[in-house]
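Undergrad: My questions concern the predicted model and sequence given below.
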Amino acid sequence: FGDGMKYDADFTKAYGYAPPYQAAESSAALLVFKDAFERANSFDTKKVRDALAKTDMQTFYGNIKFGSGGQNTAKPMVLFQVMCKSGKCENVVVAPTKWAAAELIHPVPPWSKR
C-alpha cells in the first residue's frame, strides 16, 4: 500500500506543495475502502460493512484496524499542546505519557503569560 515518502513525493509533484495530513488520511481511507470492496467482492452495503469491520492492514499513513465502536484501534492518537519558550511556540506531545515530550500544562495560562 505504498510508503509515506513516496506518497509525499508524488503528492508534492502533482500539486506543488507538501500534502497536509487531511490529504494523507483521506488517501489512506480510500485504500481501506478499495481493500474492503475487493474482499467483499460486492457493492452490497452489508458485505462491504462486514469487510470494513474485519480490516487489519498497514497503509503509508499507519495501521488500520477497527474496534467494535468503529474507531481505528491500531493507530494511537497523540495530544499536542502549544508551548512557548523564548518567544518561540511549537506543538509538543503531552499524551500519552509514554510518548510525551513535556507535561501537560493545565489550566493553560493566557497568551500574554506564555
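TA: Sure thing, it's come through. Note that the structure is predicted; figures quoted are calculated from it, not measured.
Undergrad: burial measure for the spatially closest residue to Val108 that is not a sequence neighbour, as a count.
TA: Distances taken as C-beta to C-beta, 6 or more residues apart in numbering place Gln81 nearest to Val108, at 7.6 Å, with adjacent residues excluded. All C-beta atoms are positioned from the backbone trio N, CA, C, and that covers glycine. Using other C-beta atoms under 10 Å, the number of residues around Gln81 comes to 18.
Undergrad: which SS class is Gln81?
TA: For Gln81, the assignment made with DSSP: H, G, I helix; E, B strand; the rest coil gives strand.
Undergrad: per-residue confidence for it?
TA: Reading off the confidence values, Gln81 has pLDDT 93.
Undergrad: Return the set of residues that bridge with it.
TA: Following DSSP bridges, Gln81 is listed with bridge partners Val92.
Undergrad: most centrally placed residue in this structure?
TA: Among the residues of the chain, Glu25 comes closest to the average C-alpha position under C-alpha atoms, centre = their mean, at 5.7 Å.
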